[in-house]
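A.B. asks: Attaching a predicted model along with its sequence, questions to come.
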Amino acid sequence: MLYRENGQFKTSYRADAQIFPIAQDRLAIGALLVFAYAIAPFVVSEYAFRAIVIPFLILSLAALGLNILVGYCGQISLGTGAFMAVGAYAAYNFQARIEGMPLIASLLLGGVCATAVGVLFGIPSLRIKGLYLAVATLAAQFFTDWAFLRIKWFTLDSASGAASVAGLQVFGLPIESPVSKYLFCLSFLTVFALLAKNLVRGAIGREWMAMRDMDVAASVIGIRPVYAKLTAFAVSSFIVGVAGALWAFVYLGSWEPAAFSIERSFQLLFMVIIGGLGSIMGSFFGAAFIVVLPIVLDQVLPALGRAVGVTLDTAFVSHVVFMVYGALIVFFLIVEPHGLARLWSTAKEKLRLWPFPH
Amino acid sequence: MKFRNLTLATAALCAATLVPAGAFAQAKEQFVPVLSYRTGPYAPNGVPWANGFVDYLKLTNARGGINGVKISYEECETGYDTGKSVECYERLKGKGASFVQPLSTGATFAITEKAPIDKIPLISIGYGRSESQDGGVFKWNFPIAGTYWVASDAILQAIAKKEGGWDKLKGKKFALVYHDSPFGKEPIPQLQERAKLHGFELQLLPVTAPGVEQKSTWLQVRQSRPDYVVLWGWGVMNSTAIKEAQATGYPREKMYGVWWAGAEPDVKDVADGAKGYNAVTMQHGAEPQSRLVKDVLAMVHDKGQGTGPKEEVGQVLYMRGAMSAMLGLEGVRAAQERFGKGKVMTGEQIRWGLENLNLTQAKLDALGFAGVMRPISTSCMDHMGSAWARIHTWDGKAWKFSSDWLQADEQIIKPLVKAQAEKYAAEKKLTRRTPEDCQS
């Protein structure tokens, strides 16, 4: 009843081409942004910020980047962890080696380095496809794992091989309290999400999608595969690299290459698949599912146990979390192979017709 | 709609966790967070440690608490994952954490950056950053009773003694087989220092975590035939290494493990194959005869409140857990002596307590640690308090001490600690604490 577009006429091309053509969507997104920027900092607890919201924001950003590559351009990549690592270590080197380097600049330069590495490892995609490409990007993963563990230069010759940052600040404002960290990550995410959404709606996004759907047909109609594939790798690894730098700087503070291991790559790929391939919204759903669910289960299960008078041992809870989580992934993939984003759009379709479905 | 209900339920659950948690520990209880790992590739070693830690907290409560203040605690499963450890730390610190002991070098590195902001002492008994011994730079870190450098120095001393003096090490070949992580890399500067001093050769052989695949490493050992192998492993890596050594025919008597590689779970699968394998212990070994174990059995296990299997009480890592808990709680006790007996202490007060810890022999005897460890006293500048270690050897059935007490050489460790701590301070733009700050 509330959610329908009757009476909303579009009288110009501009109006027709906006991101959210339906007025209710615009309102909802506006309200969400107001909530995220103005209200959430006051109502959300410190723990939730540090343990749930900040990792959620950063991993959504990484999933968003990966979604451009896998969801929009159809190039399966298992090297996401590697590109995150490149972003993190490059940003760290810029920050530590250059006196007075602004934080935002080093994060973005980290992204630039990740872009270079991403394009380099994207070159094989011109020849190999599908699962074979996944294996080729896996090489990026192993290479960076090796490089950041063994080449001491990257970690400023620290004896233990761990990198750490402290005293982060932007324009003189310290990024130390959970709220400031949250707002910092949120701003990055907002800007990049807007950027990504516009990219995939534009000419270049269409090229990526044409490439994904059928590369031969796409090249026949005049799309250059080299350009389309490598730009997808570039944009994707830039975003992923910035996310990696944020993960290291803002969330961990001190890290080792294990923070960007192959498991991180798989985790991000799962986010994209569960959230919905080829959907910006899906990246957020996927990240929420994978980041939040285990933590929620981890806390709800012992509470449930206490409610019925059983003390659950942490190992037991941890095993149950794994099982429930796995079962839910299978469940969602069976009932909705196109991801949570498709569930969302089906719900919206239904709402438009409600209460008189035909 | 099935899905809608499901979505609503999930949303409600999420909302429940997002709302500020009001569940603070009760006013009269000292809350201790327990970061443990009972799952994952490191669980065989993590479980006995956690059992010992929790049993000691229970024992303290059974003995009447700390001057009447009872201990409350909550366990959080980390799986030896740095990210999850940080999440656990954030979750439990909201409940009024007294101190935190992550039992993971990676997590210690991450929490080192957070602890000063949250004002929670970070205790790492025998692990973590070796340079954090320097209290002048690392105000909130407490690697009490030994660091990795102490461990590696003790190993070299034991070997030198066996060979008949430091000068006999000249021209010898040592191989360090290590877990490729900050944990495994910690001893390298100390070993290199000694190698330069005494003219032995040091070969570095990294093993990718978790360390189930070591064929190529041991092939290298076979080729280069080092005189001694120093094993810096944890969890499944240790038993794999010993099995590989057996397969390559490398004598186990010439292998020396760090304390993370010197407990029952590491050798019991290989039993006879590990005979002769040595490991350094930071003071204690397996202590089934100690009074502490008897007390735990009588006051905790016999009441049906024991945490793990009864027969594992007193094993090496169990003792490690109990000793870790004890050192933390003694910090609380020391703080109470200054800030008011029978009161719940804050993180800052406990930090003072840990810095002014003075565990005399009499105190240790009263706690049941007689013979298990030596007296320890910390100070503002020295957060370690004691640099003693021993070597124990697996005889096929049990760990037996095979050396006297060894003290790490201050001449070697001190300059290293100072240099590394200065480097850390310079990177973080920290200034050394002033003598006045030590009084606070």
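C.D. replies: That came through, no problem.

A.B. asks: Got the confidence number for the closest residue to chain A within the stretch 251-400 of chain B?
C.D. replies: Nearest residue of the stretch 251-400 of chain B to chain A (CB to the nearest CB) works out as residue B:307 at 9.0 Å. Backbone N, C-alpha and C define where each C-beta goes, glycine included. The predicted structure scores residue B:307 at 87 on the pLDDT scale.

A.B. asks: Residue B:424 is in contact with residue B:137, isn't it?
C.D. replies: Yes: between residue B:424 and residue B:137 there is a contact under CB atoms under 8 Å: 6.2 Å.

A.B. asks: So which of these two has more stuff around it?
C.D. replies: Between residue B:424 and residue B:137, counting by other CB atoms under 10 Å in any protein chain shown, residue B:137 is the more crowded of the two (25 against 20).

A.B. asks: does the more buried one really touch residue B:425, like I thought?
C.D. replies: Yes: taking CB under 8 Å as the definition, residue B:137 is a contact partner of residue B:425 at 4.7 Å.

A.B. asks: any shared contact partners between the two?
C.D. replies: Common neighbours of residue B:137 and residue B:425 (criterion: CB atoms under 8 Å, 6 or more residues apart in numbering or on different chains): residue B:432.

A.B. asks: Sticking with residue A:121, tell me its helix or strand.
C.D. replies: In this structure, residue A:121 sits in helix A:103-122 according to DSSP states H and E.

A.B. asks: and that helix, anywhere near chain B?
C.D. replies: No: Helix A:103-122 does not reach chain B (CB under 8 Å from any CB of the partner chain); its nearest approach is 14.5 Å.

A.B. asks: List the buried residues of that helix.
C.D. replies: A:103, A:106-115, A:117-119, A:121-122 (16 or more other CB atoms under 10 Å in any protein chain shown).

A.B. asks: What of stretch B:409-421?
C.D. replies: Judged by neighbour count using 16+ other CB under 10 Å, the buried positions of stretch B:409-421 are B:409, B:412-413, B:416-417, B:420-421.

A.B. asks: For residue B:271, what are phi and psi?
C.D. replies: Here is the backbone geometry of residue B:271 (degrees, to the nearest 10): phi 40, psi -90.

A.B. asks: Whatever residue of the stretch 151-300 of chain B ends up closest to chain A: what's it in contact with?
C.D. replies: Nearest residue of the stretch 151-300 of chain B to chain A (CB to the nearest CB) works out as residue B:182 at 3.9 Å. Residue B:182 sits next to A:160-162, A:256, B:105-106, B:109 when contact means CB under 8 Å, 6+ apart.

A.B. asks: In TSV: those, plus pLDDT.
C.D. replies: Output for the contacts of residue B:182, formatted as TSV (pLDDT from 0 to 100):
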residue	pLDDT
A:160	75
A:161	78
A:162	82
A:256	85
B:105	85
B:106	84
B:109	87
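
A.B. asks: Which ones among those residues lie within helices?
C.D. replies: B:105-106, B:109 (DSSP state H).

A.B. asks: most residues in a single helix of the chain, which one?
C.D. replies: Picked chain A for this. helix A:280-307.

A.B. asks: Let me rephrase: I mean chain B.
C.D. replies: Chain B, longest helix under DSSP H: helix B:316-339.

A.B. asks: Please work out the average pLDDT along it.
C.D. replies: On average, helix B:316-339 scores 93.

A.B. asks: which ones are touching the closest residue to residue A:94 other than its chain neighbours?
C.D. replies: Spatial nearest neighbour of residue A:94, excluding adjacent residues (CB to CB, 6 or more residues apart in numbering or on different chains): residue A:106 at 3.9 Å. Residue A:106 makes contact with A:91-92, A:94-95, A:98, A:245 under the criterion CB under 8 Å, 6+ apart.

A.B. asks: Looking at the residues you listed, which one is closest to residue B:133?
C.D. replies: residue A:92 (25.5 Å; CB to CB).

A.B. asks: Can you tell me the closest non-neighbouring residue to the closest one?
C.D. replies: residue A:163 (5.0 Å).

A.B. asks: Show me where the chain dips below the pLDDT cut-off.
C.D. replies: All of this refers to chain A. A:1, A:358 (pLDDT under 70).

A.B. asks: should've been chain B
C.D. replies: Confidence mapping of chain B against pLDDT under 70 gives the ranges B:1-27, B:440.

A.B. asks: Right, I'll call it a day here.
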